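S.K.: got a sequence here, can you build the structure:
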Amino acid sequence: TELTIGACCLKEFKRCYDKVDYENFFPDLYDIPLEQMYDYPTAGDYIKRSYKGGWCYLVKGKENKQYHNGTTADVNSLYPSVMSSESGSRYPVGRPIFWNGNYIPNQAKNEDAYFFIRIKTRFYIKPNKLPFIQIKSSLLYKPTEYLETSDVYDNKTGEYYTHYTDLDGNLHDTRVEMTLTMTDYQLLKDHYNLVDFEILDGCWFKSVSGLFDEYMEKYKKQKMTSVGAPRQLAKLFLNNLYGKFASSDDSSFKKAFVREDGAIGFIGIEAHEKEVGYIPIGSAITSYARNFTIRAAQKNYHGVNERGFIYADTDSIHCDLEPEEIEGITVHPTNFCCWALESCWDEGIFVRQKTYIEHVTHKDLEPVEKPYYDVKCAGMPEKSKDLF
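M.R.: Just a heads-up that it's a prediction; the model follows:
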């Protein structure tokens, strides 16, 4: 009954709460101004810096090689899984309490709290750990690359440097500033050595478990007991709610006009009419989801020259391991927080993110009647895949 699936999901979710409770749990953080020391105009703008997408990573050194006898495992409904209380995840609610300085308040460390933190540091990947940090706001780093170090690479010398010179000749160190969720912050400490580390500031919230259980249980049951359209509808309601918590008020659009030469031109019209989401939950959900996938991949990664984890894309891991060799995951065809062994393949080549081919011999551990090549390549039409 709404214009988008996301709007339908949010409308349905709001029915789980009365209006007063909903407004207390999920206030508009873009209406909370911040002091100048925090560098952002509102609490919402501050926390939005911690919002990131899924983890899509091909192990450096494993690209363009042929692998044999592998397994692809997929999380059953990754985002609904981490939103359910089964996962043990706790989510921030209400208004934040900010702090400034190189420490984390004791209240933020409590079990019933969730914090966001802004830090400045240099970082170096630990031995045999998988990278997951991207720096998108600097010309010094490739925005799509998962970095093993914050040191700057010089193409001329082929070396990394801890300092760089800007266009005005000023010398800077390579410490980077990052705003992180509590979940990402712990993962950062586990995977990287941090040098010249400093906490700039942060904020913490009260946290609760089970916020989404009533909503999730309804559609989880519908998905498991239905077929066809009702099942597809349940999947849409399960998978599309989380995105509404990260939505901004930006409703800008382009207005067409006829230019003097008769051609059609467009003028950008800035507008901020949309209802904003509660960004702390949007950021925490995607952070818990990344953490779930990365830690599973890490348990199966034993080095670039060893059998094990090769590639991940948000809710899947691809390993040149037999199903019984994969560690650290719970296997079940439908349950939340579990992995389905989607396919087994006898040959696989991984070129880059979103681009790989696997020769599938089994689906859900059952032999397929006719093995086939599963070609993935972002932007490639199906006809091209068939020709290839």
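S.K.: any idea how far Ile125 is from Leu194?
M.R.: Applying C-beta to C-beta, to the nearest Å, the value for Ile125 to Leu194 is 11 Å. In short, each C-beta sits where N, CA and C put it, glycine included.
S.K.: same question for Ala297.
M.R.: Computed as C-beta to C-beta, the Ala297 to Leu194 distance reads 21 Å.
S.K.: which one of these two has more residues nearby?
M.R.: Neighbours were counted for Ala297 and for Leu194 using other C-beta atoms under 10 Å; Ala297 has more, 26 against 15.
S.K.: secondary structure element for the more buried one?
M.R.: Here Ala297 is covered by helix 279-299, with elements defined by DSSP states H and E.
S.K.: and that helix, what's buried?
M.R.: 279-294, 296-298 (16 or more other C-beta atoms under 10 Å).
S.K.: can I assume Val195 is in contact with Arg122?
M.R.: Yes - if you go by C-beta atoms under 8 Å, Val195 and Arg122 touch, sitting 4.4 Å apart.
S.K.: pull up the per-residue confidence for Val152.
M.R.: Per-residue confidence (pLDDT) for Val152: 87.
S.K.: ok, now which ones touch Ser252?
M.R.: The contact partners of Ser252, by C-beta atoms under 8 Å, 6 or more residues apart in numbering, come to 268-272.
S.K.: at 10 Å instead, please
M.R.: Counting by C-beta atoms under 10 Å, 6 or more residues apart in numbering, Ser252 touches 268-274.
S.K.: and the longest strand along the chain, how far out from the chain middle?
M.R.: When the chain is parsed with DSSP state E, its longest strand is strand 192-208. Relative to the centre of its chain, strand 192-208 is centred 19 Å away, using C-alpha atoms, centre = their mean, to the nearest Å.
S.K.: output it as PDB - backbone C-alpha positions only.
M.R.: Extracted in PDB, the C-alpha atoms of strand 192-208 (Å, rounded to 0.1, in the frame of the first residue of the first chain):
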ATOM      1  CA  TYR A 192      44.900  -4.600  13.000                       C
ATOM      2  CA  ASN A 193      47.800  -3.200  15.000                       C
ATOM      3  CA  LEU A 194      47.000   0.400  15.900                       C
ATOM      4  CA  VAL A 195      49.800   2.900  16.100                       C
ATOM      5  CA  ASP A 196      49.600   6.500  17.400                       C
ATOM      6  CA  PHE A 197      46.100   5.700  18.400                       C
ATOM      7  CA  GLU A 198      43.800   8.400  19.800                       C
ATOM      8  CA  ILE A 199      40.100   8.600  20.700                       C
ATOM      9  CA  LEU A 200      38.800  12.000  19.600                       C
ATOM     10  CA  ASP A 201      35.200  11.700  20.900                       C
ATOM     11  CA  GLY A 202      32.100   9.500  20.800                       C
ATOM     12  CA  CYS A 203      28.600   8.900  22.000                       C
ATOM     13  CA  TRP A 204      26.700   6.100  23.700                       C
ATOM     14  CA  PHE A 205      23.100   4.900  23.900                       C
ATOM     15  CA  LYS A 206      21.100   2.600  26.000                       C
ATOM     16  CA  SER A 207      20.700  -0.700  24.200                       C
ATOM     17  CA  VAL A 208      18.000  -3.300  24.100                       C
END
